[in-house]
Structure formats: C-alpha cells, structure tokens
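A.B. asks: Pasting the sequence and the predicted model now:
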Amino acid sequence: MKLLEGKPVAARINDNLKKEIEEMKLKPVLASIQVGENAGAEAYAKSQKKAAQNLGIEYKFHKLDQATKARELIDFIQDLNQDKGISGIILQMPLPAHIDYKKMSSFILPEKDVEGMHPANAGKIVFGKAKILPCTPAAVMELLKETGIDLYGKETVIIGHSEIVGKPLSLLLLEKFATVTVCHIGTFAAGKLEEHTGRAEILIVAVGKAGLIKGEWVRQGAVVIDVGINRVEGKIVGDVGFEEAAKRASLITPVPGGVGPLTVTMLMRNVVEAAKGLK
Ligand code: NAD
C-alpha cells in the first residue's frame, strides 16, 4: 500500500499557477462574500485568503450583516458581476436560514462562478466542455491523474451522489470512459454497498459518515479515495475504515491530507481560469 497524498500534487499545481499569475498583466482578484457570523465559514475564508495570497491572487473579503435580505445579497452579487476588476466570486456557506444558497449562487455570473456550481457550468460538464470544474471533483480527478492509472473501462464506484461531489464526479469519470457506479443512501438501504465496493478497482467515498465503508469491503489492489471529513473524538477521519482498507488497497488517501489540500488549489485554478476568460 502507498499513500496517495494531496499536498505534493497541490504544491506542483500551485507552482505552475504562481508562474502563470506572475506573467499575467491583470492579476486575478477573488471576491468572497460571507453573510453573518459563522466560525466554519470564517475558517474556510481564512484558508482561501492564505492560498490566494501565496499565489499572487488578490482576495477581497466582504462580510455582510446577518440581517441582509436576499434581494440585497442579489444586488451585492450583481455589482460584483459588473465589476471588471473582479475575476471570481465565492459565496461562503452556510448562509443565514432566511437565504437560499442554491438560488443565490445562481446569480453569480457563470464566467465568475469559481466553484463551478452555476447551472450553466454544471451543464457544461455533461458536454465535456467545462473549463471551470467544481473543486472537490476536480481534486479527485487530479489525484487519479497522479496515480497514472488509465481510467478507460475501470470499475469505478462512487459512494455519495451529492451535487457538489458525487454527481459531477460521475460525469468527469465517464468522460474518461471509466465504468461508473454511483451508490447512495438508497444503495445502503438495499444492503448493497458491500456488493458494489467489492467490485471497485477505484473506490471514491463522499458521504460524511465515519467508518461507513469497512476496510474488509475494499477490493484487493483497489485505489481508494476518501473524500469524507468527520470529527470523531476530536480527530478528523474519513468515511473508510483506514487501517483495514490500507491492507488491501494499492493506493489510499489519508484523511486529513488527501483530497482536502487539493480542493482549495482547484478553487485557485478556477480563479485563474476565470481571469483568463474575462480578458
Ligand atoms: P451530502 O450530505 O450532500 O451528500 C451525502 C451523500 O451520501 C448523499 O448522496 C447520500 O445519499 C449519501 N449517503 C448518506 N448516508 C449514506 C449511507 N449510509 N450509505 C451510502 N450513502 C449514504 O454530502 P457532501 O456535501 O457531498 O459531502 C460528503 C462528505 O465529503 C462530507 O464528509 C464532507 O465534509 C466531505 N467533503 C470534503 C471535501 C474536501 O475537500 N475534502 C469537500 C466537500 C465535501
């Protein structure tokens, strides 16, 4: 077994991005919007700011009042859409309960949607034409690229079918002609998770339930990518029983240190792509 770590891959992509940004006349600018107080959103924004600044991307943080109305947030987003000095816009999650995140994020101009979640960008994935990819699926694809494995015809099983991970990832894998099975809560209810994981040459798990996938369920020699992030007794763990899975897998991501470090790098790559597109 070898560890499939995100940091070295992220470092390499960051080096290239840094060079690319150095050569850009107009430096990319990422506008970040947080509404109200939220420790999680704040921590996330902080790590984005650090990543951006390390690369030479300007990070403009806007904190709006908790009582901001949906209409006011839309106006704020539309001002940023019009602002030629802004390359990308990110809306921090979660928003206060009275504002619908999905609805709000669809007001971000697709060209500035650096999370790749605008319906227009999500739709482009179907046609294999997306330049801006959702960050976590893009991170998984980079890790798979790192393995050097040819995805053509590979039995690939994704556990989790969310809009931000499983669904777009399934399309990116299909684009590479992997044979893709997507499992979810219904598969669990049918008692069939083990059956599917047992076939997977590549297993990707994005659920958010510690230890959901038992190590014994992993196929001998499989590549295992654990996207899950769970806090258990003060420690961060993934969704896969790591110890046992590591005995069977040929490559496995650690949690933390696998997909996570690459996700923010993919966001920065999207900011650079957006800046290039707006020139
Ligand atoms: P989500 O809650 O939106 O979706 C969860 C998915 O898991 C759904 O498809 C659901 O059907 C499925 N599911 C739930 N219980 C199940 C079960 N018992 N068996 C099989 N499937 C089950 O979650 P999400 O936003 O996609 O996030 C998933 C996990 O990935 C979370 O732990 C999240 O923190 C993590 N995550 C990590 C990164 C990263 O950068 N590393 C990024 C995004 C999400």
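C.D. replies: That came through fine. Only a predicted model underlies this, so the values are computations on that prediction, with no experimental measurement involved.
A.B. asks: how long is stretch 85-100 end to end?
C.D. replies: 27 Å (Cα to Cα, to the nearest Å).
A.B. asks: What residues sit buried inside it?
C.D. replies: If you call a residue buried by 16 or more other Cβ atoms under 10 Å, then stretch 85-100 has these buried ones: I86, S87, G88, I89, I90, L91, Q92, L95, P96, I99. All C-beta atoms are positioned from the backbone trio N, CA, C, and that covers glycine.
A.B. asks: Tell me which two of those residues sit farthest apart.
C.D. replies: Farthest pair in the buried residues of stretch 85-100 (Cβ to Cβ) is S87 and P96. Separation: 26.7 Å.
A.B. asks: For V237, report the pLDDT, please.
C.D. replies: The model reports V237 with a pLDDT of 97.
A.B. asks: Backbone dihedrals for it, both of them.
C.D. replies: phi -130, psi 160 (degrees, to the nearest 10).
A.B. asks: Number of residues surrounding it?
C.D. replies: Neighbour count of V237, defined by other Cβ atoms under 10 Å: 18.
A.B. asks: before we move on, what about the one 10 residues further on?
C.D. replies: Neighbours of K247 under the rule other Cβ under 10 Å: 13.
A.B. asks: Quick check: buried residues in whichever helix or strand it is part of?
C.D. replies: Per DSSP states H and E, K247 falls inside helix 242-248. For helix 242-248, burial by neighbour count (16+ other Cβ under 10 Å) applies to F242, A245, A246, R248.
A.B. asks: again, but for stretch 119-132
C.D. replies: N121, A122, K124, I125, A130, I132.
A.B. asks: Quick one: end-to-end length of that stretch, please.
C.D. replies: Per Cα to Cα, stretch 119-132 runs 12 Å from first to last residue.
A.B. asks: Spell out which parts of the protein neighbour the ligand.
C.D. replies: 136, 159-162, 164-166, 183-185, 187-188, 193, 206-209, 212, 227-230, 259-260, 263 (Cβ under 6 Å from any ligand atom).
A.B. asks: Alright, I will stop here.
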